[in-house]
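[1] sequence plus the predicted model coming up.
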Amino acid sequence: MKIAEGIAALPIEMNFMGNSSVIYPTLLWDEDNIVLVDTGTPGMLPGIRTEIGRAGVDFDKLNTVILTHQDIDHIGSMPEIAAAAKQPLLVLAHEEDRSSIEGDRPFVKFNRERFGPR
């Protein structure tokens, strides 16, 4: 769904832990860059690819991904997107989320050391 010139919200249906909803990764683009903001849960590459095409943008020209934070519904399809990319991707994320994104540390929401018991 086009928001403005060079900005689109990508409506992707999601069924996560038995709950259905729609999430909206965002696509930003100009002549030189195609930037995806967040990647949804694992398995969303087909929907993301379809919605990028509906926005009139070529998925194969994607060159940057911004991960706003390390929750699974924001980073889940990153491995699939990186594998499908036709060029190296610049991935931007906060340094404190790096080890969770790379799989070296549990997601922050589940890290009792940081937030204490639930």
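    Received it, and whenever you're ready, just let me know what you need.
[2] please count neighbours and contacts with C-alpha atoms only from this point.
    Will do.
[3] in this protein, which spans are helices?
    Taking DSSP state H, the helices of the chain run over residues 45-54, 72-75, 78-84, 98-101, 112-115.
[4] ranking the ones you listed by burial, who's on top?
    helix 72-75 (a mean of 19; mean count of other C-alpha atoms under 10 Å).
[5] which other residues reach it?
    When contacts are defined by C-alpha atoms under 8 Å, 6 or more residues apart in numbering, helix 72-75 is touched by residues Asp38, Thr39, Gly40, Thr41, Pro42, Leu67, Thr68, His69, Ile101.
[6] among the helices of the chain, show the one with the smallest mean pLDDT.
    Note on those: lowest mean pLDDT is at helix 112-115, with a mean of 39.
[7] could you give the mean pLDDT of stretch 25-37?
    97.
[8] what's around Asp97, how many residues?
    By other C-alpha atoms under 10 Å, the residues close to Asp97 number 17.
[9] give the closest residue to Gly53 in space, chain neighbours not counted.
    Nearest non-adjacent residue to Gly53, counting by C-alpha to C-alpha, 6 or more residues apart in numbering: Phe59, 6.8 Å away.
[10] confidence score at that neighbour?
    On the pLDDT scale, Phe59 is placed at 97.
[11] ok, now which ones touch the residue positioned nearest the centre of the chain?
    Central residue of the chain (C-alpha atoms, centre = their mean): Thr39, 1.6 Å from the mean position. By C-alpha under 8 Å, 6+ apart, the contact list for Thr39 reads Pro25, Ile48, Leu67, Asp73, His74, Ile75, Gly76, Ser77, Met78, Ile81.
[12] ok, 7 Å please
    Shown in contact with Thr39 (C-alpha atoms under 7 Å, 6 or more residues apart in numbering): Pro25, His74, Ile75, Gly76, Ser77, Met78.
[13] roughly how far does the closest residue to Ala93 other than its chain neighbours sit from Ser20?
    Distance criterion C-alpha to C-alpha, 6+ apart; nearest residue to Ala93, sequence neighbours excluded, is Leu67 at 5.1 Å. Plainly put, Leu67 is 22 Å away from Ser20 if you go by C-alpha to C-alpha, to the nearest Å.
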